[in-house]
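Q: fold the following and give me the result.
(chains A and B)
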Amino acid sequence: MKAPISLGEFEQVVLLAVLRLEDNAYGVTIRSEIAACTGREPAPGALYTTLDRMEDKGMVRSRLGDATPQRGGRAKRYFLVTKAGRAALISAQKAYQSLLEGLNLLGGKNA
Amino acid sequence: MRNASAAEWMVSRFTPKERAASIVGDFVELESQKGTAWFWLSIAGVLLSLCWRRVLALAVVLYTSGWTYAHFQMVLFGIHSRHRPMEVWVEALLMLAFVGILLWMILIYGAISHGVRDRATQMSFMWTVLMTSIILFWLKPTVLAACLALGLILAWSSMSNLENRRAMLVLTTTTVIGVVSGFVAAYAGGRYQTFVYPAPLGPKELAAHPSIVWVHICLLLAVVWNTTTVYSRMHARMTRNTLAEGS
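A: Next comes the predicted model:
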């Protein structure tokens, strides 16, 4: 079996935002979801190149929506996390969880 | 709207059209809340992150092609010509040096643009090492025979699976197009030189006719641009095909 692709921190953030948004994940909503959840607004260049790179690696898939007048007749590009992307995310989160085990950072005596 | 069309045109120089349109569409959607300055700053940010690798790769490739050209010329013509009659070997040596330079260009461009884990980069690394060994040890039959045997093994393993075959196709097509455009550029440069100054050139003549140097520099830039563009496009197409079959 192929080992899952390793993910950088920002790639994990983007994948989680796409998963949270379900069918409404496109540039604007992904950006605001990240800002709302993490408190930091991603640079537009970083967001789009990360999405492109993850699509090239097969971790997300994109489809074009309908063109809308408020976007000057330009279509939205909706993203979906693929099986490979989900597997990579699970593997990365498992690694975090095993590192966190026993530390109790979110509450308790070590917090 | 005119601003958005100009921005879309700029972004589409570095990414496929539909991607460029959706990126600019996102910014147009937010422009009413965030303003025109934000719109253009975001476009500049996207452009920078889309093109910095290519700009860096082109700069390094230009420098390396000059360095390898001088080095291979020195090795092949400076050393080997003393031992072998030039008339017999000159064309073979020229072709070897040229393919060696192209392989180095492709290797460096691929490593910077797509990373060292990329299959086409790894494949070009192996062929570059092999070609460089052939150039450096041209006069040693044992090393040459070993290189040729390794070349056959490498060619066979390049055909072993689909990913390798695609990487090999990218490498072969880019090298062939690079060789053709290089010879066209060399021919055009030679014709221009003969047209401007139809006699042997020395430093004094070159100083009197600087356009000859500039034409040669422009032709070198055109060859590098053409070769790296072919590599990028072929690579993108092959990667898309592999992913489409994998999903």
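Q: only C-alpha atoms from now on, for both contacts and neighbour counts.
A: Fine.
Q: in contact with residue A:14: list those residues for me.
A: A:30, A:34, A:47, A:51 (CA atoms under 8 Å, 6 or more residues apart in numbering or on different chains).
Q: which residue does chain A have closest to chain B?
A: residue A:45 (3.8 Å; CA to the nearest CA).
Q: tell me if I'm right that that residue and residue B:48 touch.
A: Yes. Judged on CA atoms under 8 Å, residue A:45 makes contact with residue B:48 at a distance of 7.3 Å.
Q: show me which of these two is the more surrounded one.
A: A count of neighbours by other CA atoms under 10 Å in any protein chain shown puts residue A:45 above the other of residue A:45 and residue B:48, at 18 against 15.
Q: quickly find the element holding that one.
A: Under the criterion of DSSP states H and E, residue A:45 resides in helix A:44-56.
Q: which residues does that helix contact?
A: With CA under 8 Å, 6+ apart, helix A:44-56 has contacts from A:11, A:14, A:27, A:31, A:60-62, B:23, B:42-43, B:45-50, B:239-240, B:243.
Q: stretch B:30-41 - what's its average pLDDT?
A: Averaging pLDDT along stretch B:30-41 yields 89.
Q: and the contacts of that stretch?
A: Contacts of stretch B:30-41 with the rest of the structure, by CA under 8 Å, 6+ apart, involve A:28, B:27-28.
Q: how about the residues of chain B by chain A?
A: B:1, B:19, B:21-30, B:42-43, B:45-50, B:239-240, B:243, B:247 (CA under 8 Å from any CA of the partner chain).
Q: quick one, which of those residues are buried?
A: Buried members of these, scored by 16 or more other CA atoms under 10 Å in any protein chain shown, are B:19, B:21-30, B:42-43, B:46-47, B:49-50, B:239-240.
Q: thinking again about what came up before, quick one: buried residues of the helix holding residue A:45?
A: Neighbour-count burial for helix A:44-56 [16+ other CA under 10 Å]: A:44-52, A:54-56.
Q: report the two of those residues separated the most.
A: A:44 and A:56 (18.3 Å; CA to CA).
Q: residues contacting the closest residue to chain A within chain B?
A: Minimum separation of chain B from chain A (CA to the nearest CA) falls at residue B:46, amounting to 3.8 Å. When contacts are counted by CA under 8 Å, 6+ apart, residue B:46 touches A:44-46, A:48-49, B:11.
Q: which residues of chain A score low on pLDDT?
A: For chain A, the stretches flagged by pLDDT under 70 are A:1-5, A:107-111.
Q: and it, which residues reach chain B?
A: So far as CA under 8 Å from any CA goes, chain A lies against chain B at A:27-28, A:43-46, A:48-49, A:56-58, A:70-77.
Q: how far does the worst-scoring helix or strand of chain B on mean pLDDT sit from the chain's center?
A: Within chain B, no helix or strand scores below helix B:210-246, which has a mean of 82 by mean pLDDT, DSSP states H and E. Put simply, helix B:210-246 sits 5 Å off its chain's centre (CA atoms, centre = their mean, to the nearest Å).
Q: what angle do it and helix A:44-56 make?
A: For helix B:210-246 against helix A:44-56, the angle by axes from the mean of the first three to the mean of the last three CA atoms, to 10 degrees is 50 degrees.
Q: who does helix B:210-246 touch, helix- and strand-wise?
A: Identification of packing neighbours for helix B:210-246 by 3 or more CA pairs under 8 Å, 6 or more residues apart in numbering or on different chains; DSSP states H and E yields helix A:44-56, helix B:36-73, helix B:86-114, helix B:162-196.
Q: report the buried residues of the second one.
A: Neighbour-count burial for helix B:36-73 flags B:39-40, B:42-44, B:46-47, B:49-51, B:54, B:57-58, B:61-62, B:64-65, B:68-69, B:72-73 (criterion: 16+ other CA under 10 Å).
Q: that one to helix B:86-114, inter-axis angle?
A: Going by the same axes, to 10 degrees, helix B:36-73 makes 150 degrees with helix B:86-114.
Q: residue ranges for the helices of chain A, please.
A: Using DSSP state H, the helices of chain A run over residues A:9-21, A:27-38, A:44-56, A:83-100.
Q: quick check: which of these is nearest to residue B:218?
A: helix A:44-56 (31.0 Å).
Q: can I get the closest one in CSV, CA atoms only?
A: Provided in CSV are the C-alpha atoms of helix A:44-56 (Å, rounded to 0.1, in the frame of the first residue of the first chain):
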residue,chain,number,x,y,z
PRO,A,44,-4.3,35.2,-1.4
GLY,A,45,-1.1,34.0,-3.3
ALA,A,46,-0.4,31.4,-0.7
LEU,A,47,-4.0,30.1,-0.7
TYR,A,48,-4.4,29.7,-4.5
THR,A,49,-0.9,28.2,-5.0
THR,A,50,-1.6,25.7,-2.1
LEU,A,51,-5.0,24.8,-3.7
ASP,A,52,-3.3,24.3,-7.1
ARG,A,53,-0.5,22.3,-5.6
MET,A,54,-2.9,20.0,-3.7
GLU,A,55,-5.0,19.5,-6.8
ASP,A,56,-1.8,18.6,-8.8
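Q: residues near residue B:18, how many?
A: Residue B:18 is flanked by 15 other residues according to other CA under 10 Å.
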